[in-house]
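K.L.:
Can you look at this prediction? I've put the sequence above it.
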Amino acid sequence: MRWTLLLLAACIVPEKHFGQPCGTTVCGADEVCDLTDPNGATCIPADGDLDGDGIPNRLDFCDHMPGGDTDEDGDGLGDICNPCPIAPPPATPDPDGDAVDRPCDPDDHTPGDQIIFFEGFQTPLDANWKATAATTWMEQGGELVVTLAGDANADYMTHPVAAKTNVAVLAAYRIDRVETGASDHFVVVAGSDPRPAGVATMSCGIDRNDVTASDKIDLETNLSSGQQTIANGFDTARLYEVGGYATGGSVACTAVDDSAAIGVVQAGITPDALGAISLGARAVTARYEWVLVVGRD
């Protein structure tokens, strides 16, 4: 009887794989795979705290640096240590070797880009976000919700970022409602030079005009503008991404509809460093999923 009990006990003791590569073995029941190990993914204790930041390994998506409790794209790499926090790694993640992966890198054949800001709205907003009218914006369930019911005025949330001469601002959002309080509706991302003598500005997004019954990609800068008519930019069943990329004296504004490109327009801009970004809307209820800023000097 004693030997039977010992054999049964041996059978239920979890098998340990601490330090073994995750790719060649399945981690035990009380282990997790550390995908951020610089020497390759390995099994580590689930209830340990490898980096001592107070987040147990089973909840920590960045096991080798403080923080890491959020993973916007669900690829196992935390937002703060992910070379592209909006998408899982592609087959060729980083052609130019600057540690910013596709599709986050706006120029993946020129090294030097950095992720200078990312917000997945999975934690309370920090005090650096400033709204034109605070009551129209709310962080809710991992999204930033803007409600402009019956409001003919635009409203913006602005955040400072490290000033760069080459800057890409990208955001994803969903439309809940197109309100009736104004004949013009839009959702945009924007960048500006906030210095006292700064003049460079860009605003990139999708606009709907009820009078002309048209939707368009709309780019406005301090120097010029560009538009492109599209079929439907306010479908409540779709996820939209809009992004403006300022480099040199030019800005490209792109729009994506459920991962399919729907258009791009270009315009000139004063070639200054942009040190503030904004999310803006007019006469809609929209839910921002995330905003990403990548820059290069």
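P.N.:
Arrived safely, thanks for sending. Remember, it's a predicted structure, so these values are computed and weren't measured experimentally. Numbers count the residues shown, from 1 in each chain.

K.L.:
Could you report the neighbour count for His159?
P.N.:
As a burial measure, the neighbour count of His159 was computed by other C-beta atoms under 10 Å and equals 17. C-beta: built from backbone N, CA, C; applies to glycine.

K.L.:
Ok, Val199 next?
P.N.:
Neighbouring residues of Val199 were enumerated by other C-beta under 10 Å; the total is 12.

K.L.:
beta partners of Thr158?
P.N.:
Beta-bridge pairing for Thr158 (DSSP bridges): Lys130, Ser278.

K.L.:
if I look at it, how far off is Lys130?
P.N.:
Taking C-beta to C-beta, to the nearest Å as the criterion, Thr158 is separated from Lys130 by 5 Å.

K.L.:
Likewise for Pro103?
P.N.:
From Pro103 over to Lys130 the distance is 29 Å, taken as C-beta to C-beta.

K.L.:
Of the two, give the one with the bigger neighbour count.
P.N.:
The residue with the greater number of neighbours, taking Pro103 and Lys130 and applying other C-beta under 10 Å, is Pro103; the counts read 17 against 13.

K.L.:
so what's the residue lying closest to the more buried one once chain neighbours are set aside up against?
P.N.:
Ranked by C-beta to C-beta, 6 or more residues apart in numbering and with sequence neighbours excluded, the top spatial neighbour of Pro103 is Ala87, at 5.8 Å. Contacts here follow C-beta atoms under 8 Å, 6 or more residues apart in numbering; on that basis Ala87 touches Asp73, Asp75, Asp101, Arg102, Pro103, Cys104.

K.L.:
Where does pLDDT dip in the protein?
P.N.:
Counting by pLDDT under 70, the chain contains low-confidence residues at 1-17, 24.

K.L.:
Alpha carbons of stretch 283-297, in CSV - could you do that?
P.N.:
C-alpha atoms of stretch 283-297 as CSV (Å, rounded to 0.1, in the frame of the first residue of the first chain):
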residue,chain,number,x,y,z
ALA,A,283,-20.3,65.1,-33.9
VAL,A,284,-19.6,61.4,-33.3
THR,A,285,-19.4,58.8,-30.5
ALA,A,286,-16.2,56.9,-31.0
ARG,A,287,-14.0,54.5,-29.1
TYR,A,288,-10.2,54.8,-29.4
GLU,A,289,-8.5,51.4,-29.0
TRP,A,290,-4.9,52.7,-28.9
VAL,A,291,-2.5,55.4,-30.1
LEU,A,292,1.1,54.9,-31.2
VAL,A,293,3.8,57.5,-31.8
VAL,A,294,7.1,56.6,-33.6
GLY,A,295,9.8,59.1,-34.1
ARG,A,296,13.3,59.6,-35.5
ASP,A,297,15.7,62.6,-35.5
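
K.L.:
give the contact list for Val251.
P.N.:
With contact set as C-beta under 8 Å, 6+ apart, Val251 has these partners: Met202, Cys204, Leu219, Thr221, Gly244, Tyr245, Gln266, Ala267, Gly268, Ile269.

K.L.:
same check, this time on Met138
P.N.:
Leu144, Val145, Thr147.

K.L.:
With Val242 instead?
P.N.:
Counted by C-beta under 8 Å, 6+ apart, Val242 has contacts 170-171, 173, 187-189, 204-206, 217, 253-256.

K.L.:
what's the answer for Val291, then?
P.N.:
When the contact criterion is C-beta under 8 Å, 6+ apart, the partners of Val291 are Phe117, Phe118, Glu119, Val169, Leu170, Ala171, Val189, Ile277, Leu279.

K.L.:
Name the helix or strand for the fifth one, please.
P.N.:
Spelled out, it's Leu170. According to DSSP states H and E, Leu170 maps onto strand 166-178.

K.L.:
Same question for Val251.
P.N.:
Using DSSP H and E, Val251 sits in strand 250-257.

K.L.:
just the angle between that strand and strand 166-178, please?
P.N.:
Direction vectors for strand 250-257 and strand 166-178, defined by axes from the mean of the first three to the mean of the last three C-alpha atoms, to 10 degrees, enclose an angle of 40 degrees.
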